[in-house]
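Asker: Here's my sequence, what's the structure:
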Amino acid sequence: MAERVQRFLARCGICSRRKAEDLIRAGRVLVNQVPAMLGSCVNSSDSVMVDGSLVRPENNRYVMLCKPRGVLSSVGHEQSSNLTDFVVVPERVFPVGRLDRDSEGLILMTNDGDLAQRIAHPSFETVKTYVVWVDRPVREPDLVRLQAGLMVDGRKVIVHGMRRLGSDCVEVQIHEGRKHVVKLLFGALGFRVRGLKRTAIGSLLLGRLKPGEWRDLTADEIAGLRGVFNKGQNPPGYVRGARKVGSAVKGQRSIRRFGK
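Answerer: Below is the predicted model:
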């Protein structure tokens with residue numbers, strides 16, 4: 001059965017479909033020794049190469065990592081510390097979305113390009129949950145303005161839910177994926193963000209993972225992510241302006257640290 005080249009590359013765990021389009025445009029993808037074009041299709045008998053290496057589909061893998069501060073959200077070969085210093089698996093997993101170097105928390109890594117596309121693409125409005133520490137106490141008027149949504153770089157950021165965890169600590173849920181959007185959101189209120197931790201992506205919760213630890217997702221967690229997207233709904237338990245406290249994650253698997 002024929003499929004588009006970018007979808008094939010996503011199934012091979014090379015990258016998401018959007019990133020695959022960039023590879024095709026750059027001339028880095030060959031189909032039967034001919035540069036691929038956007039919209040080209042391939043089937044099981046075709047030879048597909050990326051940067052001179054033959055690629056084939058592999059079994060899907062889903063990993064969650066608690067990214068420490070100071071680590072890049074990439075799997076490249078930069079001199080600085082990145083995700084490959086922690087998650088070492090035979091499959092070619094890549095991060096879905098990103099966190100700033102000075103932020104910490106949940107990173108989902110997978111070689112399932114279709115699921116990655118649906119999580120990362122803004123049209124699906126996948127809710128992400130963050131705990132934010134700021135440089136001064138957060139007052140009730142600040143929370144009211146947050147709940148109403150704020151303009152950031154000419155576009156309104158919608159806050160799906162929030163709650164105050166301390167005088168200078170707030171949990172917020174947004175679906176925006178723009179660079180530095182949480183810091184810019186609080187900056188619009190005159191705050192400086194001192195710390196930022198992502199604790200959930202859709203129905204997937206960070207749970208008790210510590211910085212540098214990772215584990216495979218359970219079957220229920222994978223099904224939960226797919227279920228949320230297939231129904232076109234936000235994760236259960238979220239309401240605008242508040243968050244219902246859910247139960248602990250069931251089926252926790254063994255936790256691994258620093259690629260062990």
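
Asker: which SSE is Lys156 in?
Answerer: Following DSSP states H and E, one finds Lys156 within strand 155-157.

Asker: Let me see the mean pLDDT of that strand.
Answerer: Averaged across strand 155-157, pLDDT comes to 89.

Asker: Give me the domain ranges for this structure.
Answerer: Segmentation of the chain into domains, based on automatic domain parsing, reads 3-54, 60-243.

Asker: Going by mean pLDDT, which of those domains comes out lowest?
Answerer: domain 60-243 - the lowest mean pLDDT of these, at a mean of 86.

Asker: What distance do you get for Phe50 to Met1?
Answerer: Phe isn't right for residue 50; it's Val. With distances taken as Cβ to Cβ, to the nearest Å, Val50 is found 21 Å from Met1. Just so you know, the C-beta spots here come from the backbone N, C-alpha and C atoms, and that holds for glycine as well.

Asker: same check, this time on Val144
Answerer: Separation of Val144 from Met1 (Cβ to Cβ) stands at 53 Å.

Asker: Looking at the two now, which is surrounded by more residues?
Answerer: The neighbour count for Val144 versus Met1, taken as other Cβ atoms under 10 Å, is higher for Val144 (10 against 5).

Asker: Now that one: phi and psi?
Answerer: In this entry, Val144 is assigned phi and psi values of phi -60, psi -40 (degrees, to the nearest 10).

Asker: which residues sit in contact with the residue nearest to His121 when sequence neighbours are not counted?
Answerer: Of all residues beyond its chain neighbours, the one nearest His121 is Arg18 (7.7 Å), with distances taken as Cβ to Cβ, 6 or more residues apart in numbering. By Cβ atoms under 8 Å, 6 or more residues apart in numbering, the contact list for Arg18 reads 6, 117, 120-121.

Asker: Surely Leu209 touches Lys67?
Answerer: No. In this structure, Leu209 is not within contact of Lys67 by Cβ atoms under 8 Å, at 9.9 Å.

Asker: Of the two, give the one with the bigger neighbour count.
Answerer: Neighbour count, other Cβ under 10 Å: between Leu209 and Lys67, Lys67 has more, with 29 against 22.
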